[in-house]
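*Asks:* Give me the fold of what follows.
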Amino acid sequence: MNTSNTYLAVFLGSKTGAQRAAWDALDESVRCAREQEGMAAWKAWVEKNHAAIVFMGGPLGKTKQANASGIHDTSNHLGAFTVVRADSHEAAAKLFEKHPHFSIFPGDAVEIMPVLSIPGG
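*Replies:* Residues are numbered from 1 along each chain as shown. Predicted coordinates:
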C-alpha cells in the first residue's frame, strides 16, 4: 500500500470519564434520540468526506495484549478507527474537527497520525 498522505484516525473514549458518566445518566429516551442524531451526523460526515476515506474501519472490540509474559485481557481507550488520505497532517486532522464522536457522542477525542512506510521495506 502506498502510505503517502495516508493517516490513521483513532477514536478515543473513556468508559469511566465524566462525558461517559453524563451520557449514561441521560434518560433512555433522550439517549436514544441523541444516538439517532449522532448516527445521522456521522453518516453526513462520511458522505461529506467520502473522497478522503481510504478505509472506513469501524468500532473496536475487547482487547487482548500479547507480550513476553503471554497473552492477557486488557483495557484501553481505543474505540474505533478510520484511514484517510489528505494533503497534509493538518488537513487530515481538520477532517475530524467537531466530529460527532465527541460533539454528540461521549467520545473524548480523535487522534490522527501519519501511516509511515516500513524502513527498508
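
*Asks:* All the strands of the protein, residue numbers only.
*Replies:* Counting by DSSP state E, the chain has strands at residues 6-12, 53-59, 63-67, 70-74, 78-85, 109-114.

*Asks:* Give me the contact list for the last one.
*Replies:* Going back to what we said before, that points to strand 109-114. 3, 6-12, 84, 89, 92-93, 95-96, 99, 101-102 (C-beta atoms under 8 Å, 6 or more residues apart in numbering). Glycine gets a C-beta too; all of them are placed from N, C-alpha and C.

*Asks:* Mark which of those are buried, thanks.
*Replies:* 6-12, 84, 92-93, 95-96, 99, 101-102 (16 or more other C-beta atoms under 10 Å).

*Asks:* out of these, which one sits closest to residue 76?
*Replies:* residue 12 (8.7 Å; C-beta to C-beta).

*Asks:* now that closest one: how far from residue 32?
*Replies:* 24 Å (C-beta to C-beta, to the nearest Å).

*Asks:* Repeat that for residue 5.
*Replies:* In terms of C-beta to C-beta, residue 5 sits 39 Å off from residue 32.

*Asks:* Also residue 19?
*Replies:* 18 Å.

*Asks:* One more: residue 11?
*Replies:* Applying C-beta to C-beta, the value for residue 11 to residue 32 is 21 Å.

*Asks:* tell me the mean pLDDT for the longest helix seen in the chain?
*Replies:* Assignment by DSSP state H gives helix 28-48 as the longest helix of the chain. Averaging the model's pLDDT scores along helix 28-48 yields 97.

*Asks:* Kindly calculate the angle that that helix makes with strand 78-85.
*Replies:* If you take axes from the mean of the first three to the mean of the last three C-alpha atoms, to 10 degrees, helix 28-48 sits at 20 degrees to strand 78-85.

*Asks:* other SSEs contacting helix 28-48?
*Replies:* If you count contacts as 3 or more C-beta pairs under 8 Å, 6 or more residues apart in numbering; DSSP states H and E, helix 28-48 packs onto helix 100-103.
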